[in-house]
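Asker: Sharing a model that was predicted from the sequence below.
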Amino acid sequence: MIAYQNGDNDALGGIYTLLKPALYSFIYRYTRDQQLSIDIVQDTFVKLQHYKHHYHPGKGKIKSYLFQIAYRLLIDKLNRRKKWRSFMPFLAPITKDELNHTDRLTIREAIVSLPGKQRAVILLFYYHDMKHEEIAEILSIPKGTVKSRLHTAIQSLKVELEGDFNESRSL
């Protein structure tokens, strides 16, 4: 890790090769979700790249440091998913068995019908797992604007989709 911090970018490849299997194994055993595990491992190494100078060998091994990053990312994602399910069950990641094809198309159409600014926030937040700060940076808007657009979009989707799902389920 010291070599990587000092500018040897090839050292990151060595760290990745050495620790990726252990990180993936830990996350997969915790979640039993292959795609989520792959995403968390990738996000962990991206975060390591951004914050490589925050690691100090005196505080512990690089393996512990990466596991800590991965665990925090995992908990953040799981908490967001839990929040989504309670708040907007139709936006949370769902298995193919939970919604039929017609329901999925209805959701997609509802999202597409949102104004562009609201749609961008919904897609970045729910489908790309980004935080308010990241969305604000990407869209070059204040964090408060991200929150208000997200809230407005959610309210619009609730109104539109509750009617659609109640009708389809009563048939």
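Answerer: Received it, and whenever you're ready, just let me know what you need.
Asker: Show me where this protein has its helices.
Answerer: Counting by DSSP state H, the chain has helices at residues 2-5, 10-31, 34-50, 62-87, 101-112, 116-122, 132-139, 143-170.
Asker: Save those helices as CSV, and put in mean neighbour count and mean pLDDT too.
Answerer: For glycine as for every other residue, the C-beta is placed from the backbone atoms N, C-alpha and C. Output for the helices of the chain, formatted as CSV (neighbours: other CB atoms under 10 Å; pLDDT from 0 to 100):
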stretch, mean neighbour count, mean pLDDT
helix 2-5, 14, 58
helix 10-31, 15, 85
helix 34-50, 17, 89
helix 62-87, 15, 79
helix 101-112, 14, 78
helix 116-122, 17, 88
helix 132-139, 16, 85
helix 143-170, 15, 79
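Asker: Name the residue closest to the centre of the chain, please.
Answerer: Residue closest to the average C-alpha location in the chain (CA atoms, centre = their mean): Asp129, at 2.5 Å.
Asker: roughly how far apart are that residue and Ala22?
Answerer: Distance of Asp129 to Ala22, given as CB to CB, to the nearest Å: 23 Å.
Asker: How about Tyr51?
Answerer: Distance, Tyr51 to Ala22, by CB to CB: 20 Å.
Asker: ok, now Thr31?
Answerer: Thr31 is 15 Å from Ala22, by CB to CB.
Asker: next one: His54
Answerer: To Ala22, His54 is 21 Å away according to CB to CB.
Asker: how about the residue nearest to the centre of the chain, what does it touch?
Answerer: 39, 77, 80 (CB atoms under 8 Å, 6 or more residues apart in numbering).
Asker: Output those residues as TSV; include the columns distance to Leu139.
Answerer: Output for the contacts of Asp129, formatted as TSV (distance: CB to CB, whole Å):
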residue	distance to Leu139
Asp39	22
Lys77	21
Arg80	19
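Asker: ok, of those residues, which one's closest to Glu109?
Answerer: Relative to Glu109, the closest of the contacts of Asp129 is Arg80; by CB to CB it sits at 24.1 Å.
Asker: Kindly state the pLDDT recorded for the nearest residue to that closest one once chain neighbours are set aside?
Answerer: Spatial nearest neighbour of Arg80, excluding adjacent residues (CB to CB, 6 or more residues apart in numbering): Asp129 at 6.7 Å. Asp129 is assigned 71 on the pLDDT scale.
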